[in-house]
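1. Fold the following.
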Amino acid sequence: MNKIMNIIHKLIDPFMDPENWQKWIEQILIGIFYIVLAYIIIKVLHKVVEKFFTTKYGTKRVGKSNKRAKTMVNLLQNVISYVVWFIVATTILSNLGIRVESIIAGAGVVGLAIGFGAQTLVKDVITGFFIIFENQFDVGDYVKINTTGTTVAEGTVQSIGMRSTRILSFAGDLTILPNGTMNEIVNFSIHNGMAIVEIPVSIKEDLDEVESKLNEFLPTVKERYEIFIKDPEILGVETVTAGEATIKIAGETEPNEHASGARILRREVKSFFDKEGIQAPIPTMVSYNPNNIQ
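-> Residues are numbered from 1 along each chain as shown. So this is what the prediction gives:
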């Protein structure tokens, strides 16, 4: 019984000493100060990094330069946060009388013990660096990524971190992929796209006249829509059937804008045909009366 009471007294006595209270309050206040200071430093350094790349690439620039800037800003801000918080954590532990060197040495031993588990984290980080420095994709790119499992992520790259990448789909689903699981990447935002449409017209129309009018009209589409790199052009007559002829039109667009470009071409050509009185093919149906067959 006396042993139990002695243990209880040893646990309680430090809390009853006013000097210990004062010491603990000082350590808590110092810890809070370091945390607040770290938060301010991180915010300031994040702004400095963002300002540097904004100045370097320009706020109004678009395309790969701007995307590359966003990617590097995101990466450097992550690194800054990790480094600053690590320094603050080790400083607070040192003030509490905990030997950080022992923890780091112990972590090395533990790291060896869980080496197979750590391989995944190391693989994620190394793959993340290769993704960034090989410029496989940047923030803002539209990509399709196959993983070592069954996951297939397609959408816009939201962020590229040291360990994982975030992909936002068109439907609003956010997929977080460990970098080490990516094995096939399709980037739709590197090269220009090609919007290709097939426009049917009535077989009764003079195709030479229709193509001549289209050749005058199509350059105006590029003037009104910035996504087109070059004037859309007629590739020729694709098909001819009993009731219609199909004219194929193609227009080079900015990366990943081919679908939007195709929708624009269909709408604009339809409006142009209505204005010019060019007839679209009209479906016809032939019916037979068995009673009249002799």
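
2. Counting neighbours, what do you get for G149?
-> 9 (other CB atoms under 10 Å). For glycine as for every other residue, the C-beta is placed from the backbone atoms N, C-alpha and C.

3. now it: how far from L168?
-> Taking CB to CB, to the nearest Å as the measure, G149 falls 20 Å from L168.

4. average pLDDT across the helix or strand harbouring E211?
-> For E211, the element it lies in under DSSP states H and E is helix 207-224. The pLDDT scores in helix 207-224 average 93.

5. Could you check it and say which residues are buried?
-> V210, L214, F217, L218, V221, K222 (16 or more other CB atoms under 10 Å).

6. got a pLDDT number for E198?
-> E198 is given a pLDDT of 94.

7. Nearest to D231 among the buried residues of helix 207-224?
-> K222 (5.0 Å; CB to CB).

8. wait, that closest one sits on E252?
-> No: contact criterion CB atoms under 8 Å: K222 and E252 do not qualify, at 9.5 Å.

9. Need the residues touching each of the two.
-> Here K222 and E252 have F228, K230 as joint contacts, going by CB atoms under 8 Å, 6 or more residues apart in numbering.

10. mind checking which helix or strand I42 is in?
-> helix 18-57.

11. Could you check how many residues crowd around F53?
-> 18.

12. what's the domain layout of this structure?
-> Split into domains by automatic domain parsing, the chain comes to 7-113, 128-187, 193-276.

13. average pLDDT across stretch 277-291?
-> Stretch 277-291 comes out at a mean pLDDT of 73.

14. same thing with stretch 172-192?
-> Computed over stretch 172-192, the average pLDDT equals 89.

15. again with stretch 77-92
-> So the average pLDDT for stretch 77-92 ends up being 84.

16. Quick one: the helices in this protein, in order.
-> Remark: helices assigned in the chain by DSSP state H are 2-16, 18-57, 64-95, 100-113, 115-133, 207-224, 258-276.

17. Distance to S189 for those helices - can I get that in JSON lines?
-> Shown next, in JSON lines, are the helices of the chain (distance: least, CB to CB, whole Å):
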{"stretch": "helix 2-16", "distance to S189": "61"}
{"stretch": "helix 18-57", "distance to S189": "17"}
{"stretch": "helix 64-95", "distance to S189": "8"}
{"stretch": "helix 100-113", "distance to S189": "38"}
{"stretch": "helix 115-133", "distance to S189": "14"}
{"stretch": "helix 207-224", "distance to S189": "21"}
{"stretch": "helix 258-276", "distance to S189": "12"}
